[in-house]
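>>> Quick one, what's the 3D model for this:
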Amino acid sequence: MNTRMTILAATLAALTSGAALAQEATYDYPVPAASALTRAQVQAELLQARSDGSMRVWSTSYNHMAAAKSLKTRNEVRDEVLADRRAAPAAITGEDSGSFALSRQPVRQAAGLTLAAR
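Numbering: from 1, shown residues only. Okay, here's the model as predicted:
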């Protein structure tokens, strides 16, 4: 009985101490942005920047794949992949740990083992 009272007292103390730290939540409403330009003026500036090349945005000017050049043709790469598959047909590769490749293998059954009789 004494142990139960100690556990109950400790639980109540833990629960009430957390309540003392609680505060009321506040929310700061967003302030609308004020602009001195009209929508038409902003669109005109955008068109001007696009036409004279002064707009510097990475998504329109940066091409990280421009320097990537392949030294092999598509047919050479395909032939290499097919040769690798023929060399190791049961290789466990791929994102699914090879379960698809293994499922395509012929089922091998031990000689003399009968799983079900008709």
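>>> After the lowest-mean-pLDDT helix or strand in the chain, which helix or strand is next?
The least trusted helix or strand in the chain, going by mean pLDDT, DSSP states H and E, turns out to be helix 58-61, with a mean of 60. On the C-terminal side of helix 58-61, the nearest following helix or strand under DSSP states H and E is helix 74-87.
>>> Just the mean pLDDT for that following helix, thanks.
Mean per-residue pLDDT for helix 74-87: 88.
>>> Could I get the CA-only coordinates of it as PDB?
Taking Å, rounded to 0.1, in the frame of the first residue of the first chain, the C-alpha atoms of helix 74-87 are listed here in PDB:
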ATOM      1  CA  ARG A  74      23.100   4.200 -76.600                       C
ATOM      2  CA  ASN A  75      23.600   0.900 -78.400                       C
ATOM      3  CA  GLU A  76      27.000   0.300 -76.800                       C
ATOM      4  CA  VAL A  77      25.500   0.900 -73.300                       C
ATOM      5  CA  ARG A  78      22.500  -1.400 -74.100                       C
ATOM      6  CA  ASP A  79      24.800  -4.200 -75.400                       C
ATOM      7  CA  GLU A  80      26.900  -3.900 -72.200                       C
ATOM      8  CA  VAL A  81      23.800  -4.300 -70.000                       C
ATOM      9  CA  LEU A  82      22.600  -7.300 -71.900                       C
ATOM     10  CA  ALA A  83      26.000  -8.900 -71.800                       C
ATOM     11  CA  ASP A  84      26.100  -8.400 -68.000                       C
ATOM     12  CA  ARG A  85      22.700 -10.000 -67.600                       C
ATOM     13  CA  ARG A  86      23.700 -13.000 -69.600                       C
ATOM     14  CA  ALA A  87      26.900 -13.400 -67.600                       C
END
